[in-house]
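In: sequence first, predicted model second:
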Amino acid sequence: MIAMKLGWAVLEGICVWLTLYYGSGGALALGAMLLILPLGSLPIHLCLRKRLRVRVEAPAMARKGDEGGVTVWLENPTLLPALRIRCRVTARNQLNGESCTQHVMTWAFPKGQRRASLRLGSEYCGRIRISVEQVKLYDCFGLIGVPCGCTGEAHMTVQPDTFPIRVNLIPNPDSQEDSDSYSQDRPGADLTETFQIREYVPGDSIRQIHWKLSEKTGTLMVREFGLPAENQLLLVFLSDKSLSPEQLDAMLDTLVSVSSELLRQELPHTLLYDGTLHEISDLEDLEQTVHTLLRSAPEIERTAAFLQEHLTLSYAHIALIAANDIPVAEELSQTGCVSILFPDAGALPEIAEAGRVRIHAFRADALRAGTLHFEL
């Protein structure tokens with residue numbers, strides 16, 4: 001666009017110089033034509049500005065760092081030509097606010113449509129809103145721009161990454177919770193229910209040994225505890241707008257990785273974010289919940305207020321995924337075990353021992369291919 005304007009200015013200057021110094025009639029006619037052409041296209045553009053239509057197409061899903069092919073379609077339903085159209089396309093990550101802008105130049109013949117292609121993506125997960133926010137019609141030299149009222153948008157979701165992690169459930173001797181129903185297929189950590197009795201194998205906890213039965217049989221026997229069928233785990237996503245995109249990304253990767261591993265072990269659980277509880281019983285629940293989470297910036301105030309109002313949540317284990325200190329962590333630990341998963345590589349905050357149950361602090365970057373121990 002700038003090159004065309006400079007070209008026009010140079011040609012117009014040459015015509016003026018030839019006319020003044022040599023009295024050239026041809027130069028005068030050419031100079032007049034160069035002035036008339038931009039002004040002559042103005043009435044055409046004023047007629048077209050309310051008739052043009054725009055449509056945006058983008059892939060539904062993309063991976064971090066990959067650029068998806070985005071197509072901007074412009075339709076001209078009139079008999080007038082649109083020789084130069086400039087579109088401003090903005091891609092905004094609705095989760096972390098990151099945005100970038102590109103400009104597309106194209107044209108549209110009478111009674112026809114034209115497409116322009118570009119590639120857009122994001123290094124971070126989130127729902128990307130791709131919108132044509134401004135369309136302008138220009139003359140052939142790009143001097144006079146007439147804004148159009150047409151806009152269009154599409155959405156592309158960049159999914160969080162998952163990393164391998166093992167969640168190991170261990171019995172909590174202080175747990176007083178009883179369940180009405182238990183899994184018939186898997187052992188768990190509820191001391192009040194027996195899943196099965198078997199022979200001791202190296203690695204079994206000493207407190208699982210059934211001493212009376214071992215004495216009768218002459219062989220060490222251990223008792224495997226029951227796995228409650230209802231949700232006993234609560235994952236809390238504590239994020240706010242002050243976090244960097246890298247921190248927010250790491251938190252989401254941690255959330256999805258832990259939740260996916262729990263589902264792999266057939267362990268239903270609950271997710272809390274923006275002050276709302278979401279029951280996660282299968283991968284479809286997780287996908288729908290994450291899709292909703294990626295659509296807007298997180299509001300930690302709602303979740304913090306929910307936790308402050310519900311300090312006696314009836315969950316055996318609460319895992320807080322956060323990047324800062326959690327003021328209510330020690331209070332929550334009075335009714336169950338609490339783990340804190342910190343996503344960045346900085347120093348972990350110092351957390352004092354709670355009254356009845358310890359608070360475990362983890363760092364998410366150290367959990368890759370590692371193991372989390374959740375007490376139930």
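Out: That came in fine, so what should we check first?
In: what distance do you get for Gly112 to Ile85?
Out: 12 Å (C-beta to C-beta, to the nearest Å). Every residue, glycine included, has its C-beta placed from N, CA and C.
In: ditto for Val135
Out: Distance, Val135 to Ile85, by C-beta to C-beta: 6 Å.
In: which residues are common contacts for the two?
Out: Counting by C-beta atoms under 8 Å, 6 or more residues apart in numbering, the residues touching both Val135 and Ile85 are 52, 74.
In: and Pro147, what does it touch?
Out: Residues in contact with Pro147 (C-beta under 8 Å, 6+ apart) are 49, 134-136.
In: for Arg88, see how far away it is.
Out: Separation of Pro147 from Arg88 (C-beta to C-beta): 11 Å.
In: overlap of the contact sets of the two?
Out: 134-135.
In: who's more crowded, Gly112 and Ile85?
Out: When neighbours are counted by other C-beta atoms under 10 Å, Gly112 and Ile85 differ, and Ile85 comes out ahead with 24 against 13.
In: quick one, phi/psi of that one?
Out: Main-chain dihedrals, Ile85, degrees, to the nearest 10: phi -120, psi 130.
In: wait, doesn't it sit right on Glu75?
Out: No - using C-beta atoms under 8 Å, Ile85 is not in contact with Glu75, being 11.2 Å away.
In: which neighbours do the two have in common?
Out: 52, 108.
In: return the distance of stretch 282-291 from the chain's centre.
Out: Relative to its parent chain, stretch 282-291 has a centroid offset of 13 Å by C-alpha atoms, centre = their mean, to the nearest Å.
In: off-centre distance for the longest helix seen in the chain?
Out: In the chain, taking DSSP state H as the definition, the longest helix is helix 25-48. Distance of helix 25-48 from the chain centroid (C-alpha atoms, centre = their mean) equals 50 Å.
In: what do you get for stretch 306-313?
Out: From the chain centre to the centre of stretch 306-313 is a distance of 26 Å (C-alpha atoms, centre = their mean).
In: again with stretch 313-322
Out: Between the centre of stretch 313-322 and the centre of its chain there are 22 Å (C-alpha atoms, centre = their mean).
In: okay, buried residues for that stretch please.
Out: Residues 313, 315-322 are the ones in stretch 313-322 that count as buried (16 or more other C-beta atoms under 10 Å).
In: what residues does that stretch touch?
Out: Stretch 313-322 has contacts (C-beta under 8 Å, 6+ apart) with 172, 175, 177, 228, 231-239, 251, 254-255, 258, 270, 307, 326, 329, 332, 335-343, 364, 372, 374-376.
In: quick one: mean pLDDT for it?
Out: Stretch 313-322 shows an average pLDDT of 84 in the prediction.
In: could you work out the end-to-end span of that stretch for me?
Out: The first and final residues of stretch 313-322 sit 18 Å from each other (C-alpha to C-alpha, to the nearest Å).
In: which residues touch the strand or helix carrying Arg115?
Out: Arg115 belongs to strand 112-121 when assigned by DSSP states H and E. Applying C-beta under 8 Å, 6+ apart, the external contacts of strand 112-121 come out as 58, 62, 65-76, 85, 87, 89, 91, 100, 102, 104-108, 128, 130, 156, 158.
In: list only buried entries from those.
Out: By 16+ other C-beta under 10 Å, these give 58, 62, 68, 70, 72-76, 85, 87, 89, 91, 104, 106, 108, 128, 130, 156, 158 as buried.
In: quick one on the thing from earlier: of the contacts of stretch 313-322, which belong to helices?
Out: 251, 254-255, 258, 307, 329, 332.
In: how about the residues you listed in CSV, adding distance to Pro298 and pLDDT?
Out: CSV is the format used below for those (distance: C-beta to C-beta, whole Å; pLDDT from 0 to 100):
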residue, distance to Pro298, pLDDT
Met251, 9, 90
Thr254, 14, 91
Leu255, 11, 93
Val258, 17, 92
Leu307, 14, 85
Ala329, 18, 80
Leu332, 19, 80
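In: can you lay out these as JSON lines showing distance to Gly142 and neighbour count?
Out: Supplementary listing: these in JSON lines, determined by distance: C-beta to C-beta, whole Å; neighbours: other C-beta atoms under 10 Å:
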{"residue": "Met251", "distance to Gly142": "46", "neighbour count": "24"}
{"residue": "Thr254", "distance to Gly142": "49", "neighbour count": "28"}
{"residue": "Leu255", "distance to Gly142": "48", "neighbour count": "27"}
{"residue": "Val258", "distance to Gly142": "54", "neighbour count": "25"}
{"residue": "Leu307", "distance to Gly142": "57", "neighbour count": "22"}
{"residue": "Ala329", "distance to Gly142": "59", "neighbour count": "23"}
{"residue": "Leu332", "distance to Gly142": "62", "neighbour count": "25"}
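In: brilliant, that's me finished.
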